[in-house]
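# The sequence and its predicted three-dimensional model are supplied below.
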Amino acid sequence: MNEELNALNAQFEPMLEQIKELFFEFGIKNLNMDDISRKLGISKKTLYRYVKSKEDLIAKLFEYEEIKGNAYTKENENLNVNAIEKLFKASLMVYEEMKRFNPMIMFELRKYYEQLFNEFHNRKLVQISQSMQVNLKQGIEEGLYRSDVNIEAVVTLFINYLIEIHSSDICKTVNISFDDLFSLMFENHIRAISTPAGVAFFEARKKEVLESIKNNNQ
């Protein structure tokens, strides 16, 4: 995917994908190193060639996810499409990530690996912030976003919305699905920052994008 990702051990990379799926299925607390090695079909001794401990394994997973996320962001930013189209693609990726990291996984990471999680979480927020700033500047230059948009304020608000809908019980409180809430948040964001030309482009692509969100949940 990029030089950093290719630098990871070629044999360990597929294991990280498998281990991530195991955590999503069984939770983090419920799996020890014996369980993980057994489900991978390898000896624990082999697993310990790649990681020193379960905490080290979590750190490696965070590193792996961060490298993949940065690679996707760079790839998306280099696409020859307008800012709203890039925002569509980036938002779908964020949506998929948020759907996978259910509240139980988040709870366990915060409780048992608080420092590792907070460091990863903060780096992720910085990456999202930087990517959004680039996107907003492109959209303004293209005449799709309003020129009077306060970039820092918009980024801060959007990130806070992301954190809030993912970490709270708001969906249960207002009886709305996560998919519908995310779609509404995204649409409100686009309409708030767009020029008439931007809104027109959004309307032309809205149905397809919202259908993509629904299909990803099936």
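Sure thing, it's come through.
# Surely N160 is within a strand?
No - counting by DSSP: H, G, I helix; E, B strand; the rest coil, N160 is not found in a strand; it is helix.
# Packing partners of the top helix by length along the chain?
What stands out as the longest helix in the chain, according to DSSP state H, is helix 114-141. Counting contacts by 3 or more Cβ pairs under 8 Å, 6 or more residues apart in numbering; DSSP states H and E, helix 114-141 packs against helix 54-77, helix 83-100, helix 103-112, helix 151-167. Every residue, glycine included, has its C-beta placed from N, CA and C.
# hmm, 7 Å instead?
With contacts taken as 3 or more Cβ pairs under 7 Å, 6 or more residues apart in numbering; DSSP states H and E, helix 114-141 sits against helix 54-77, helix 83-100, helix 151-167.
# Tell me how far that helix lies from the chain's centre.
Chain-centre distance of helix 114-141: 10 Å, with Cα atoms, centre = their mean, to the nearest Å.
# For it, list every residue counted as buried.
116-117, 120, 124, 128, 131-132, 134-136, 138-140 (16 or more other Cβ atoms under 10 Å).
# same check, this time on stretch 184-192
Within stretch 184-192, the residues that count as buried by 16+ other Cβ under 10 Å are 185-186, 189-190.
# returning to that earlier point: how much does the longest helix of the chain deviate in direction from helix 83-100?
160 degrees (axes from the mean of the first three to the mean of the last three Cα atoms, to 10 degrees).
# shaky segments in the protein?
Across the chain, the stretches falling below the confidence threshold (pLDDT under 70) are 1-9, 166-175, 209-218.
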